[in-house]
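Colleague: predicted model and sequence follow; I will ask about them next.
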Amino acid sequence: MIIAVDGPAASGKGTIARRIARELDFAYLDTGLLYRGVGVMVLDRGGNPEDPEAATRAAESFDPALMADPRLRGDEAAVAASKVAAIPGVRAAMLEFQRSFGRTPPDGRKGAVLDGRDIGTAIFPDADVKLFITAAVEVRAERRHKELLERGSPSIYARVLQDMQERDQRDRSRSTAPMAIAPDAVVIDTSALDVEAAFQAAMDPIRKKQDRQNPVR
Ligand SMILES: Nc1ncnc2c1ncn2[C@@H]1O[C@H](COP(=O)(O)OP(=O)(O)O)[C@@H](O)[C@H]1O
Ligand SMILES: Nc1ccn([C@@H]2O[C@H](COP(=O)(O)OP(=O)(O)O)[C@@H](O)[C@H]2O)c(=O)n1
């Protein structure tokens, strides 16, 4: 079973996707780390994340081990990620890794949860369940601001809000695999939901799908 969890920055999609994976004992892939990794590779090489050749070269030599680098969690990496993510060569280089993770989840798991922007629209248009997690941009910026401060990173709310608005705009308007709600996705707005309520809202369509696929479970 493949569960696609898409949505804008700090909507809570990672929190939900990880909980689902834990609940069902499925594998989990945070696909944002792929683009963050490529963005950081380009910066480390002194390149410009908007340069299609530099970004595509980095993506083609991407090593998944980089996904564990704590630098990927910072906002500089997020901004670079959304720039390299608009380049078709970068997305093409990341496609097979994501599809093979979903089709053959590691450790023999029976399913996979992938979170990102285009999982239900481009990577797995036939995903068993598609969720689109969203929240008001001010709520999302506040969450990310708090998260950065808790991690000991300097953060200014107004700056986080502006970066997030710019990033959302880039992600929605790019021509290759833009962030969009798949027609068959279940939309969950977490603005007024705590983590537990958001998780329960996400599990509802998954349970229904499991019951339909396997009525005598
Ligand atoms: N429903 C929620 N209510 C309040 N805070 C949340 C909720 N969901 C996630 N968070 C917090 O918001 C931040 C961003 O969540 P995360 O799951 O990383 O978002 P995303 O993967 O969409 O960027 C984290 O600090 C997380 O703990
Ligand atoms: N499937 C994906 C995942 C991320 N991305 C890009 O990578 C950036 C960082 O994604 P992320 O999911 O790590 O960011 P947050 O939502 O955690 O802030 C996004 O702004 C997108 O530009 C993408 O294009 N497609």
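Modeller: Sure thing, it's come through. Residues are numbered from 1 along each chain as shown. Ligands and ions are numbered 1, 2, ... in the order given.

Colleague: and residue 127, which helix or strand is it part of?
Modeller: When elements are defined using DSSP states H and E, residue 127 is found to belong to no helix and no strand.

Colleague: model confidence score at the residue lying closest to residue 141 once chain neighbours are set aside, please.
Modeller: Distance criterion Cβ to Cβ, 6 or more residues apart in numbering; nearest residue to residue 141, sequence neighbours excluded, is residue 161 at 3.9 Å. Using the backbone N, CA and C atoms, a C-beta is placed for each residue, glycine as well. We note a pLDDT of 96 for residue 161 in this prediction.

Colleague: now residue 161: how far from residue 194?
Modeller: 22 Å (Cβ to Cβ, to the nearest Å).

Colleague: now do the contacts for the residue nearest to residue 141.
Modeller: Contacts for residue 161 (Cβ atoms under 8 Å, 6 or more residues apart in numbering) come out as 137-138, 141.

Colleague: and it, how far from residue 198?
Modeller: In this structure, residue 161 and residue 198 are 21 Å apart, going by Cβ to Cβ.

Colleague: kindly report the same for residue 156.
Modeller: 27 Å.

Colleague: please apply the same query to residue 132.
Modeller: Residue 132 is 13 Å from residue 198, by Cβ to Cβ.

Colleague: what residues are shared contacts of the two?
Modeller: In contact with both residue 132 and residue 198: residue 188, using Cβ under 8 Å, 6+ apart.

Colleague: what comes up buried for the helix or strand where residue 22 lies?
Modeller: Using DSSP H and E, residue 22 sits within helix 13-24. For helix 13-24, burial by neighbour count (16 or more other Cβ atoms under 10 Å) applies to 13-21, 24.

Colleague: identify the bridge partners of the spatially most central residue of the chain.
Modeller: Nearest to the mean C-alpha position of the chain, by Cα atoms, centre = their mean, lies residue 116 at 2.3 Å. Beta-bridge partners of residue 116, counted by DSSP bridges, are residue 6.

Colleague: report how many residues lie close to the residue nearest to residue 144 when sequence neighbours are not counted.
Modeller: Distance criterion Cβ to Cβ, 6+ apart; nearest residue to residue 144, sequence neighbours excluded, is residue 10 at 4.3 Å. Residue crowding around residue 10 was assessed by other Cβ atoms under 10 Å; the count is 24.

Colleague: ok, now which ones touch residue 186?
Modeller: Counting by Cβ under 8 Å, 6+ apart, residue 186 touches 129-132, 205.

Colleague: buried stuff in the helix or strand hosting the residue nearest to residue 141?
Modeller: Element membership of residue 161 [criterion: DSSP H and E] is helix 157-173. Of all the residues in helix 157-173, those buried under the rule 16+ other Cβ under 10 Å are 160-161, 163-164, 167-168, 170-171.

Colleague: output it as CSV, nothing but the C-alphas.
Modeller: Provided in CSV are the C-alpha atoms of helix 157-173 (Å, rounded to 0.1, in the frame of the first residue of the first chain):
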residue,chain,number,x,y,z
TYR,A,157,8.9,35.4,12.7
ALA,A,158,8.4,38.0,9.9
ARG,A,159,11.4,36.6,8.0
VAL,A,160,10.1,33.0,8.3
LEU,A,161,6.6,34.1,7.1
GLN,A,162,8.1,35.9,4.1
ASP,A,163,10.4,33.0,3.1
MET,A,164,7.5,30.6,3.4
GLN,A,165,5.2,32.7,1.3
GLU,A,166,7.9,33.0,-1.4
ARG,A,167,8.6,29.3,-1.2
ASP,A,168,4.9,28.4,-1.4
GLN,A,169,4.5,30.6,-4.5
ARG,A,170,7.6,29.0,-6.2
ASP,A,171,6.3,25.5,-5.4
ARG,A,172,2.8,26.3,-6.7
SER,A,173,3.8,28.1,-9.9
